[in-house]
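[1] any chance you could fold what I've pasted below:
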Amino acid sequence: MFQDMIQKQSFAQRAQIATHPLAKRLFQLMADKQTNLCVNADETRAEELLHYVALVADQIAVLKTHIDIVEDFTPELTERLTELAEKHNFLIFEDRKFADIGNIVKLQYSKGAYHIADWAHITNAHALPGPGIVEGLKEIGLPKHRGLLLLAQMSSAANLFDEGYVRQTVAMAQAHADFVMGFISQQQVSENPGLVHMTPGVQLEAKRGSLGQQYRSVHQAIVQQGCDVVIVGSGIIQSEDSSTAAKRYRDAAWQAYQECV
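    Predicted coordinates for the structure are as follows:
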């Protein structure tokens, strides 16, 4: 059952409240650009990814990447993504979903082929390994002024995220407020207005997808479940006109946000 509406302060007001510098920046960016849309760019070729990002760049607050699916990755790709982010005023979120002990995630975040901490403003992690995962990522990300989202909930059917797990994830975020800027969730899980709630599994209309994916409408995600940023992939990337589709989602998400303020 959904609530009728969750009332919130405006993004501009929350930018003043937020203590995490990147959360503050994101709230202000959304207020200035008038968009709370994150686009999921799951392209497997570098030029296709860059072409797609260029089509949607003016409509988004955040670009979400899975850099490890790009078959022809070179460091030039992340350099060009960074240039686009600066030109069009959006943040880059690498959806890495770290899930290992602290020493390993430090290396995964900073080393290897991708050097994620060097270019991704935001990344995310499961809370399952315990606080060591946040402490490890923080050693790398905090000096670079990065932000971490903790996975509190997911949109896939029959997932194992129960209420106890959500409570412990929120407590972990509170204990590491200097690095954790918010959550990946299906609904608002914290009353702290300085934390961002980003939500996947959103389309213009609620429906069920393949491989256990469950979609809610933009209105449900923002107005009824209290999320701030909607993450959209197939509804835009599989459209015949990605630029127009991105604008439709941007307008729908912004209208839903305005209903709550």
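[2] tell me who's in contact with Gln13.
    Neighbour list for Gln13: Pro193 [criterion: Cβ atoms under 8 Å, 6 or more residues apart in numbering]. From N, CA and C alone the C-beta is placed, and that goes for glycine too.
[3] oh, that last question was meant for Tyr249, not what I typed.
    Contacts of Tyr249 by Cβ under 8 Å, 6+ apart are Leu37, Gln59, Leu204, Val218, Val230, Val232, Gly235, Ile236.
[4] work out for me the element it sits within.
    Per DSSP states H and E: Tyr249 is located in helix 242-260.
[5] show me what counts as buried in that helix.
    The neighbour-count check on helix 242-260 (16 or more other Cβ atoms under 10 Å) flags 242, 245-250, 252-254, 256-257, 260 as buried.
[6] would you turn those residues into a markdown table with pLDDT?
    Formatted as a markdown table, these follow (pLDDT from 0 to 100):
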| residue | pLDDT |
| --- | --- |
| Ser242 | 95 |
| Ala245 | 96 |
| Ala246 | 97 |
| Lys247 | 98 |
| Arg248 | 97 |
| Tyr249 | 98 |
| Arg250 | 98 |
| Ala252 | 97 |
| Ala253 | 98 |
| Trp254 | 98 |
| Ala256 | 97 |
| Tyr257 | 98 |
| Cys260 | 95 |
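[7] mind putting those in a markdown table, distance to Gln28 included?
    Below are the buried residues of helix 242-260 laid out as a markdown table (distance: Cβ to Cβ, whole Å):
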| residue | distance to Gln28 |
| --- | --- |
| Ser242 | 26 |
| Ala245 | 26 |
| Ala246 | 21 |
| Lys247 | 22 |
| Arg248 | 25 |
| Tyr249 | 21 |
| Arg250 | 17 |
| Ala252 | 22 |
| Ala253 | 17 |
| Trp254 | 15 |
| Ala256 | 20 |
| Tyr257 | 14 |
| Cys260 | 18 |
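[8] which stretches of the stretch 51-200 of the chain form strands?
    Remark: strands assigned in the stretch 51-200 of the chain by DSSP state E, counting those that start in this stretch are 62-65, 91-98, 122-126, 147-151, 180-184, 196-199.
[9] any idea which of the ones you listed is most buried?
    strand 180-184 (a mean of 27; mean count of other Cβ atoms under 10 Å).
[10] quick one: strands adjacent to it?
    Using DSSP bridges, the strands paired with strand 180-184 are strand 147-151 (parallel), strand 196-199 (parallel).
[11] got TSV for those, with mean pLDDT and distance to Glu47 too?
    Converted to TSV, the strands paired with strand 180-184 look like this (pLDDT from 0 to 100; distance: least, Cβ to Cβ, whole Å):
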stretch	mean pLDDT	distance to Glu47
strand 147-151	98	28
strand 196-199	98	27
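[12] nearest to Phe179, out of those?
    Phe179 sits nearest to strand 147-151 of all the strands paired with strand 180-184, at 5.3 Å, using Cβ to Cβ.
[13] can you state the direction angle for the closest one and strand 122-126?
    Counting by axes from the mean of the first three to the mean of the last three Cα atoms, to 10 degrees, strand 147-151 lies at 30 degrees to strand 122-126.
[14] could you dump strand 147-151 to CSV, C-alpha only?
    Extracted in CSV, the C-alpha atoms of strand 147-151 (Å, rounded to 0.1, in the frame of the first residue of the first chain):
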residue,chain,number,x,y,z
GLY,A,147,30.3,10.4,-1.9
LEU,A,148,28.9,6.9,-1.2
LEU,A,149,25.4,5.6,-1.5
LEU,A,150,24.5,2.5,0.6
LEU,A,151,22.2,0.0,-0.9
